[in-house]
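Colleague: Return a 3D structure for these sequence lines:
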Amino acid sequence: MTAGLREPAQPGTLQRLALRGGLWTLMGHGAAQVIRLGGNILVARLLFPEAFGIMGTVFAMLIGITMFSDIGLGPGIIQDPRGADPLFLRTAWTLQIIRGAFIWLVSFPLSLVIYWSNGESLFLWLIPVAGLTCVLSGFNSVSLITCKRRLHFGRMTLLNLSANAAGTAAMIGCAWVYPTVWALLINAFISALIMLAGSFLFLPEIPMRWKLDPDSVQGLVRFGRWIFVGTALTFLVSRLDIFILGSVAGMAVLGVYATAKNFAFAGLDALGMLASTVLLPVYSRLAERGPEALRKQTLKMRALLLALFLPPFWVLAITGPHLIAFLYDGRYQDAGWMIQILAAGAVGTAVSATVDQMLLAQGDSFRYMLQLASKLLLQLAGMALGAHFAGLHGFIVGLASAELLNYPILMGMVRKYGVWLPGLDAAAYAISAVVILTGWQLV
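Modeller: Have a look, this model is predicted:
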């Protein structure tokens, strides 16, 4: 029988791995964002805005199926005591393959639904073809997850960057030769192929074989039942604006909005990745040492993360129109004021993102799901009321305000674990408000 994976046990080892993992994650995500945004800027000059709206809808639907079928395999491996056991990991890999095939099958009827709702025949082909990338990802080695559990991010980061760079290069080349929406899909396919090959060749840990151990299946499903609902809600929170805006405003407006959202939320993507890959395992280990140690270390980590991530949102909220005017042609200029609103709202999302993983670290997936549900309801109410009173501007303001309104609900749920830090959060909100409002007056 194959031996299990070795894991860090000493506090000093955990701290060093957390710091190293955080640095790898931030550097890797930063480089990936440069590659992605650079590629999008170049391709935007070769394609029409509607192409980005169409492809944004395709990927939003694909991500939706992926998230609605998520049973928490990643968090399950990270937090489960059996997360280094070969039988447990092979069972998780088998479930991952089944899920990838399921997503692809569901993409066929979903393409019909989207076609009937939008009247765009390209969806009949784009969605099922894009769904094949989920089949490829289903075969990825679970080494991609065990590296996160053990806070080993070096090779995984290099693999991600290689996949992003190759996919972006293929997208630019295809758009140059064949300037259609299909060029945007090439990126996903090339990236998925490289991740699949690299997960076995570059991250070899435990050989993968088809296994369905009943005890392992039961453990994964039991933990993932609320993750399943929570992930579905996460999708709606992050993508519902795309579907609503595309239906009521058209693909051209959606393409401009998607461009703004990519800029405004680039930092949130990095923070979200850092939270799920580094904070979750670190919070899980700290929780085992008692509430006093947990609160002390949480204060240090959250203060550091907010100091790093809030300033970029301030800059985007102040300079959004100038940034878009410099990088894009006149068709995309409305993205400037959209960036300002979305980046200002992202301050609240950043504050919450540094603490919500604490619920999962404590095994409280139920409360994690509840705070996501409240956030979704606030988003829906904000978008509806904003659109009614102020049109497109009000729609985006309502969306951006939801996280701030959800803050008391989230903090009420984490308070029982002794990690609510009202002084830190108040300072983050107050400083952000002063900087952004001052910037709007001066620029």
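
Colleague: contacts and neighbour counts: CA atoms only from here.
Modeller: Fine.

Colleague: Could you report the distance from the nearest residue to Leu203 once chain neighbours are set aside to Ile77?
Modeller: Nearest non-adjacent residue to Leu203, counting by CA to CA, 6 or more residues apart in numbering: Ser143, 6.2 Å away. Distance, Ser143 to Ile77, using CA to CA, to the nearest Å: 11 Å.

Colleague: swap in Met171?
Modeller: The separation that Met171 has from Ile77, given CA to CA, amounts to 34 Å.

Colleague: Same drill for the two, tell me which one is more crowded.
Modeller: Taking neighbours as other CA atoms under 10 Å, Met171 and Ile77 compare with Met171 leading, 26 against 22.

Colleague: The more buried one contacts Val181, doesn't it?
Modeller: No: using CA atoms under 8 Å, Met171 is not in contact with Val181, being 10.1 Å away.

Colleague: In three-state terms, label the one residue sitting closest to the centre of the chain for me.
Modeller: By CA atoms, centre = their mean, the chain has its centre lying nearest to Asp269, at 5.4 Å. Counting by DSSP: H, G, I helix; E, B strand; the rest coil, the backbone at Asp269 sits in helix.

Colleague: Show the contacting residues for it.
Modeller: Listed by CA atoms under 8 Å, 6 or more residues apart in numbering, Asp269 has no contact partners.

Colleague: residue ranges with poor pLDDT in this protein?
Modeller: Counting by pLDDT under 70, the chain contains low-confidence ranges at 1-15, 67-71, 79-81, 118, 204-205, 285, 288.

Colleague: biggest helix in it, by residue count?
Modeller: helix 365-414 (DSSP state H).

Colleague: C-terminal to that one, what's the next element?
Modeller: Later in the chain than helix 365-414, the nearest helix or strand by DSSP states H and E is helix 422-442.

Colleague: From the chain's centroid, how far away is that following helix?
Modeller: 25 Å (CA atoms, centre = their mean, to the nearest Å).

Colleague: For it, buried residues please.
Modeller: Residues 425, 428, 432, 436 are the ones in helix 422-442 that count as buried (16 or more other CA atoms under 10 Å).

Colleague: do you know how far the second one is from Leu380?
Modeller: Read that as Ala428. For Ala428, the distance to Leu380 - CA to CA - is 26 Å.

Colleague: got TSV for the buried residues of helix 422-442, with distance to Ile339 too?
Modeller: Converted to TSV, the buried residues of helix 422-442 look like this (distance: CA to CA, whole Å):
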residue	distance to Ile339
Asp425	23
Ala428	20
Ser432	16
Ile436	13
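
Colleague: Among those, which one lies nearest to Met338?
Modeller: When those are ranked by distance to Met338 (CA to CA), Ile436 comes first, at 14.7 Å.

Colleague: Could you measure from the closest one over to Pro109?
Modeller: 45 Å.

Colleague: which residues touch Ile194?
Modeller: Residues near Ile194 by CA under 8 Å, 6+ apart: 159, 162-163.

Colleague: Leaving out the residues flanking it, which one is nearest to Leu279?
Modeller: The shortest distance from Leu279 to any non-neighbouring residue, by CA to CA, 6+ apart, is to Gln357 (7.0 Å).

Colleague: ok, how many other residues are close to Ala373?
Modeller: The number of residues packed near Ala373 is 20, by other CA under 10 Å.

Colleague: From what I see, it and Leu233 are in contact.
Modeller: Yes: in this structure Ala373 lies within contact range of Leu233 using CA under 8 Å: 6.3 Å.

Colleague: Beyond the host helix or strand of Ser284, next helix or strand please.
Modeller: Using DSSP H and E, Ser284 sits within helix 280-287. Moving toward the C-terminus from helix 280-287, the next helix or strand (DSSP H and E) is helix 291-327.

Colleague: That next one: which residues count as buried?
Modeller: 294-295, 297-298, 302-303, 305-306, 309-310, 313-321, 323-324.

Colleague: I'd like to check the angle between it and helix 422-442, please.
Modeller: Put simply, helix 291-327 runs at 10 degrees to helix 422-442, going by axes from the mean of the first three to the mean of the last three CA atoms, to 10 degrees.

Colleague: Now the element after helix 291-327, going C-ward?
Modeller: Note on helix 291-327: by DSSP H and E, the next helix or strand toward the C-terminus is helix 335-353.

Colleague: roughly how far is that next one from the heart of the chain?
Modeller: Distance of helix 335-353 from the chain centroid (CA atoms, centre = their mean) equals 15 Å.

Colleague: Identify the residues contacting the helix or strand Ala258 falls within?
Modeller: Element membership of Ala258 [criterion: DSSP H and E] is helix 251-264. Outside helix 251-264, the residues that touch it by CA under 8 Å, 6+ apart are 49-54, 56, 242, 245-246, 313, 316, 331-332, 334-336, 338-340, 342-343, 346.

Colleague: picking up where we left off before, residues in contact with the residue nearest to Leu279?
Modeller: Contact analysis of Gln357 by CA under 8 Å, 6+ apart lists 275-276, 279-280, 283.

Colleague: Please report the distance of it from Arg149.
Modeller: Distance from Gln357 to Arg149, by CA to CA: 14 Å.

Colleague: Fine by me, thanks again.
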